[in-house]
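Enquirer: When you get a sec, could you give me coordinates for this:
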Amino acid sequence: MGGGAGLSRPRRRRGARIAALLTGSWRPSPPDEAVVDGLDELVPLLHRLGAAALAWARLKATPHSLPSGAAGLQEAYRLGVLTAALRRRQVARVFEVFRAHGVEPILLKGWAAARLYAEEGLRPYADVDLCIPPEQAAEARRAHGAVAEECSIDLHLGLHHLDDRPLADVYERSEQVALEGGRVRILGAEDHLRLLALHMLGHGAWRPVWLADIAAALERRPASFDWARFEAGAPRRTEWAATALRLAHLLLGADVDGVPASLVHRPTPGWAMGAILDAWGFDGRRVPQGARLPMGQVRGIASLVTGLWERWPDPLEATVGVGAPINDFPRWPVQLAECVARVTRFLRAPAPGRAAAR
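Expert: Below you'll find the model as predicted:
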C-alpha cells in the first residue's frame, strides 16, 4: 500500500518529509523524535499549507538543535494560540446572533474540528462554516448581514457531502457543546467524521490539516461511536470515506484500533497517497479555489492556458467530482472527464454564472 516509485521525485519526497514531521502532531504527546534534516526547505511549504503550528507541536520537544527557520514555525504556533481565542468568541457570537433571528445552525469544520486537537491553536481556520436548513435561508441571510462585519461566515443550505442522508436525521444526531458561556451545535461524531473525510477528498487533500482533522476525530471519537451510522448512505461515498481513514493512518499515523476491518483492511492505491504527497510537496505557486481569476474574465491565450492549468483537477478531487471508485484504474482519464465536465458546466452557464465560475 505504499506510495510507489514516484517517491524518487523531489516533490513527493518533500511531501513525504512533511507527512513524517506532522505524524501525531495533533496529540497531547506527539512522538518524541521529529525529522529536522532539511527543515529549512520545508518551512515555506508548511506556512503556505497552514501546517506551521502543527509542525512546531512536533519540533518543540525535540532534543536536536533546530535551524533558524524553525523560529517562524514557533511564531505561527504563538499566533495560532492567540487567534484561537478570538475565533472562539466569534463562533459564540455568530450563534447568539443567528438564534436571535430564529435560526439554529450547525457548525461545520473550523472550531468543531480544532476542539479535538491537543490545542485549538494548532488548527487554523478563517471562516465560520454553518449548515442552515434551506427553509430558513431568508432568516439566515438577515442574520448573516447582522454579523458579517465581525467575522467571515460561509453559509451552506443543507449539507452537500452528507446529502445522501436526511438533513432532519443529521440535526437529530447533532449535539450542543459549551463555548464561551453559551452553547453551539455541532455534528454528531459519525456525521462529523464522514463530512471531514468527504470534504478532504473533494478538495484534493492539499491542506495537511484536513487529514489531521480526520486523525484527531478518529482518535477522539466517543465510546458510543456507531460505525454503522458512519457507513450509512451512498456506498460509493462510504468507500471514499473509508479510504480517507486509511490515508490518515498511512500518512500521519492515525490510530485505527477499533475501526472495523472492512473499512481499514483494504488495499489503498499508490496514486492516492502519491497525489497527497505531491500536493504537500509542491513548491510552485498554487492558487486555491475561491482566489482564482473568474474564467469569465480571462483574456488572451496565455491567460487561458494558465487558467486551465490552475483548474486541472487533482486525482482525488477528480475522482469525487465524477463519482468514480478509488481503485487501481489510472487517474488521468478520470481527471480528463472531470475537466471536460467543468468546461461543459461553464459553457452552459448564463453569463453572470460564468463570471462567478472559478
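Enquirer: use CA for all of it now, contacts and neighbours both
Expert: Will do.
Enquirer: May I have the phi/psi pair for V128?
Expert: phi -100, psi 100 (degrees, to the nearest 10).
Enquirer: how many neighbours does E135 have?
Expert: Look at E135: counted by other C-alpha atoms under 10 Å, it has 10 neighbours.
Enquirer: cool, and the one 5 residues further on?
Expert: Counted by other C-alpha under 10 Å, the residues lying close to A140 total 26.
Enquirer: now the one 4 residues further on
Expert: With neighbours defined by other C-alpha under 10 Å, the count for H144 comes to 20.
Enquirer: any idea how far G50 is from A34?
Expert: Going from G50 to A34 by C-alpha to C-alpha, to the nearest Å gives 18 Å.
Enquirer: whoops, I mixed them up, W240
Expert: Taken as C-alpha to C-alpha, the span from W240 to A34 is 30 Å.
Enquirer: Which strand or helix spans the residue nearest the centre of the chain?
Expert: In the chain, the residue lying closest to the centroid (C-alpha atoms, centre = their mean) is W210, at 3.2 Å. Assigned by DSSP states H and E, W210 belongs to helix 208-219.
Enquirer: repeat for H199
Expert: Counting by DSSP H and E, H199 is found in helix 189-202.
Enquirer: three-state assignment of the closest residue to G80 other than its chain neighbours?
Expert: Leaving aside its sequence neighbours, G80 sits nearest to G121 (C-alpha to C-alpha, 6 or more residues apart in numbering; 4.3 Å). The three-state label given to G121 by DSSP: H, G, I helix; E, B strand; the rest coil is helix.
Enquirer: same deal with the one 4 residues further on?
Expert: Three-state assignment for Y125 (three-state DSSP): coil.
Enquirer: can you pull the contacts of it?
Expert: 110-111 (C-alpha atoms under 8 Å, 6 or more residues apart in numbering).
Enquirer: all helices for the stretch 201-350 of the chain, in order.
Expert: Applying DSSP state H, counting those that start in this stretch to the stretch 201-350 of the chain gives helices spanning 208-219, 227-231, 235-252, 261-264, 270-281, 301-310, 315-322, 332-348.
Enquirer: Can you add distance to R13 and mean pLDDT and give the ones you listed back as a markdown table?
Expert: Listed next are those as a markdown table, based on distance: least, C-alpha to C-alpha, whole Å; pLDDT from 0 to 100:
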| stretch | distance to R13 | mean pLDDT |
| --- | --- | --- |
| helix 208-219 | 15 | 98 |
| helix 227-231 | 33 | 97 |
| helix 235-252 | 13 | 98 |
| helix 261-264 | 25 | 95 |
| helix 270-281 | 7 | 95 |
| helix 301-310 | 22 | 65 |
| helix 315-322 | 18 | 94 |
| helix 332-348 | 22 | 85 |
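Enquirer: pretty sure Q74 is touching A51, no?
Expert: No - when contacts are counted by C-alpha atoms under 8 Å, Q74 is not listed as touching A51 (11.5 Å).
Enquirer: who's more crowded, these two?
Expert: Per other C-alpha under 10 Å, whichever of Q74 and A51 has more neighbours is A51, with 25 against 19.
Enquirer: For that one, give me its contacts.
Expert: 122-123, 207-209.
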